[in-house]
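Any chance you could fold what I've pasted below:
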Amino acid sequence: MLDLKLDTFLVLCETRNYTRAASILNITQPAVTQHIKYLESHYSTKLFYYDEKRRLHLTENGKLLRAFAQTVQADSIQIAQYLKAPAEEPDEINIGTIVTIGESLLPLMVAEFLRRYPNKKVRMYLDEADALLEQLKNGRIQFCITDIHCPQEMYESEELFEGETICICSPKCSLAQKTVDFCDLTDFRLIFRENETYSKRNLMKILHDFNQDIANFRSYVEAGTINAVKKLVMENIGISFTYRFAVQDDLDNGHLSQIYIRDFLSRSFFNMAWMKKSFFTPLCLQFLDVCRAVMSSPDFPSKSLLKLHSKSELAL
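Numbers count the residues shown, from 1 in each chain. Next up, the predicted model:
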């Protein structure tokens, strides 16, 4: 169990309010203050400071302690599960990934991992990018593959590859395989993932970069999964934006077509991330090696990615 004083510290990091922290922890406000003072005395440093508007902020050393405490908290949950498991039970790894990768690339990586380590058990969690980092901190997963920035003071991360977002449609669509201006798309129905997803936020950024909005399109459909979006596009219901690697097989077999947009380029970097200085770092690196081996194999659909990154490139 995480030391109570560090637990108090983490709650205060989240709330930035002594009264709310006390309420969450079900202790008194003076007790919260006492815990923080103890930590500051123990580490001989200030952890928080107030600005001119009496808003509470972390010091730089406070940020370092938060990263350490979050790793301890996450690892303690995972280690508790590990120690409770019978000795004859195979090791279990808990992987998180954004939905797009979880429904396309990750199964290839997990399959190769299990071929190499057949006695391992694997749990795969598909979620939004922001939620995955929270799951790392609360110990539900040991590492994740995501497409958002992972702060270095809190997470270890290694870049896996660079991917692009493209516009897709049915082969029956009048824009299939054509080069058009962005404004030409608004005559069509737009299909996208539901609200409160990173995919939706990414779409909104793309639209706003071209001075467009969802309301400018003829109509729209919100769908819960990537596969639902693809099926709707295949039925020639509308067009959509998605990562190329998620639809490369469908493009190759003619189930989907690409719409080429003048002056359009949207790229994202995909990283594998885990808690900084985690006990499970060797396991994370083990899976990372498998991922890189899979992506460098002749059978991997590498044309769906802009760039694959090797260890030597990452070291430069």
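
which residues does Arg189 bridge with?
Arg189 forms beta bridges with Ser219, as assigned by DSSP bridges.

State the pLDDT value of Ile226.
Here the pLDDT value assigned to Ile226 is 86.

give me the beta-bridge partners of Asn271?
Thr146, Glu159.

Helix or strand for Arg140, just tell me which one.
Assigned by DSSP states H and E, Arg140 falls within no helix or strand.

what about it, distance to Leu160?
Arg140 sits 21 Å away from Leu160, taking C-beta to C-beta, to the nearest Å as the criterion. Any C-beta I mention is one placed from the backbone N, CA and C, and that applies to glycine too.

Neighbour count: these two, which is higher?
Counted by other C-beta atoms under 10 Å, Arg140 and Leu160 do not tie: Leu160 has more neighbours, with 22 against 19.

Pull the number of nearby residues for the residue nearest to that one when sequence neighbours are not counted.
Excluding the flanking residues, the one nearest Leu160 by C-beta to C-beta, 6 or more residues apart in numbering is Phe270, at 5.0 Å. By other C-beta under 10 Å, the residues close to Phe270 number 22.

Now do the helices in the stretch 1-150 of the chain.
For the stretch 1-150 of the chain, the helices defined by DSSP state H, counting those that start in this stretch cover 4-15, 18-25, 29-43, 60-84, 99-102, 106-116, 129-137.

which other residues reach the fifth one?
What it means is helix 99-102. Applying C-beta atoms under 8 Å, 6 or more residues apart in numbering, the contact partners of helix 99-102 are 124, 126-128, 145, 193, 197, 199, 225-226, 242-243, 245-246, 270.

what's the least confident stretch among the helices of the stretch 1-150 of the chain?
Sorting these by mean pLDDT places helix 60-84 lowest, at a mean of 75.

how about low-confidence regions in the stretch 101-250 of the chain?
Along the stretch 101-250 of the chain, segments meeting pLDDT under 70 span 195-197.

Cheers, nothing more for now.
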